[in-house]
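Asker: coords below, sequence missing:
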């Protein structure tokens, strides 16, 4: 039986953002309880970072606000970004032809699709169409965005594809491999979203790259998350905690289960470390 880690067992804490640190349904601030324990652990010498599907434009300001200076794993592992030097340490890409074909197929349906393009190192976010609720699109996809209608043409027009996001309830995780083969990683990252990532990319792979960069063993890392895309982090880390309102498969993959987001489950999990010190 795995015992809950003590403070001295760990060299890094890797936190998911949406549904773990941030409210999964709105842009609410981080709770004061969670802010306090994250700052306390990081200042005591136990580094804390984010492993997220979000961009570094979204994650880095949150990290800086909390006083965190460890590189971030963003885009579900497609990028590793240093917020101090504002430098990309690693980037994976989807083959442009593959992304264009998938976006053309998705364009035949009613789903809203966003694509993150890297052009000379700068990120550009393009979206097929508005869902009808621009503020909700801001929350789901990020800003600024450009509505382009035909995503495939935007992709073919230039830029490297970092990832695509689809607002859908469809099981694209099985549909895309069935139609196109194993050309990309497809994973549900939110109750409303499925993400299409470069082949071989996952939060777990991104976290392994970060561990190598920091020269620490994954066995000494604690990962906390709430969705299917966090399972790969759980699989490579020595310790893992699922939020109490996670899907059952996520709970089964974790070593421990904390309280729900509404009950400040992430703070509760981290406070257990402080109490054991």
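Answerer: Sure thing, it's come through. This one's a predicted model, so the numbers in the text were calculated from it and none came from an experiment.
Asker: now for residue 233: which residues touch it?
Answerer: If you count contacts by C-beta atoms under 8 Å, 6 or more residues apart in numbering, residue 233 has them with 14, 16, 51, 203-204, 207, 223, 225, 240. The way it works is simple: take the backbone N, C-alpha and C, and place the C-beta from them, glycine included.
Asker: next, the residue nearest to it when sequence neighbours are not counted: secondary structure please.
Answerer: Excluding the flanking residues, the one nearest residue 233 by C-beta to C-beta, 6 or more residues apart in numbering is residue 223, at 4.0 Å. Three-state assignment for residue 223 (DSSP: H, G, I helix; E, B strand; the rest coil): strand.
Asker: residues touching residue 223, list them.
Answerer: 14-16, 51, 207, 230, 233-234, 237, 239-241.
Asker: that one pairs with what?
Answerer: residue 14, residue 240 (DSSP bridges).
Asker: coming back round to it: now tabulate the contacts of residue 233 in TSV and tack on distance to residue 160 and pLDDT.
Answerer: What follows is those, written out as TSV (distance: C-beta to C-beta, whole Å; pLDDT from 0 to 100):
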residue	distance to residue 160	pLDDT
14	26	98
16	25	97
51	22	97
203	20	95
204	23	96
207	23	97
223	28	98
225	27	97
240	32	97
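Asker: which among the residues you listed count as buried?
Answerer: Buried members of the contacts of residue 233, scored by 16 or more other C-beta atoms under 10 Å, are 14, 16, 51, 203-204, 207, 223, 225, 240.
Asker: tell me the one among those nearest to residue 115.
Answerer: residue 203 (19.9 Å; C-beta to C-beta).
Asker: how close does the closest one sit to residue 181?
Answerer: Distance of residue 203 to residue 181, given as C-beta to C-beta, to the nearest Å: 23 Å.
Asker: generate JSON lines for the buried ones among the contacts of residue 233, with distance to residue 75 as supplementary columns.
Answerer: Converted to JSON lines, the buried ones among the contacts of residue 233 look like this (distance: C-beta to C-beta, whole Å):
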{"residue": "14", "distance to residue 75": "15"}
{"residue": "16", "distance to residue 75": "13"}
{"residue": "51", "distance to residue 75": "11"}
{"residue": "203", "distance to residue 75": "10"}
{"residue": "204", "distance to residue 75": "14"}
{"residue": "207", "distance to residue 75": "13"}
{"residue": "223", "distance to residue 75": "17"}
{"residue": "225", "distance to residue 75": "15"}
{"residue": "240", "distance to residue 75": "21"}
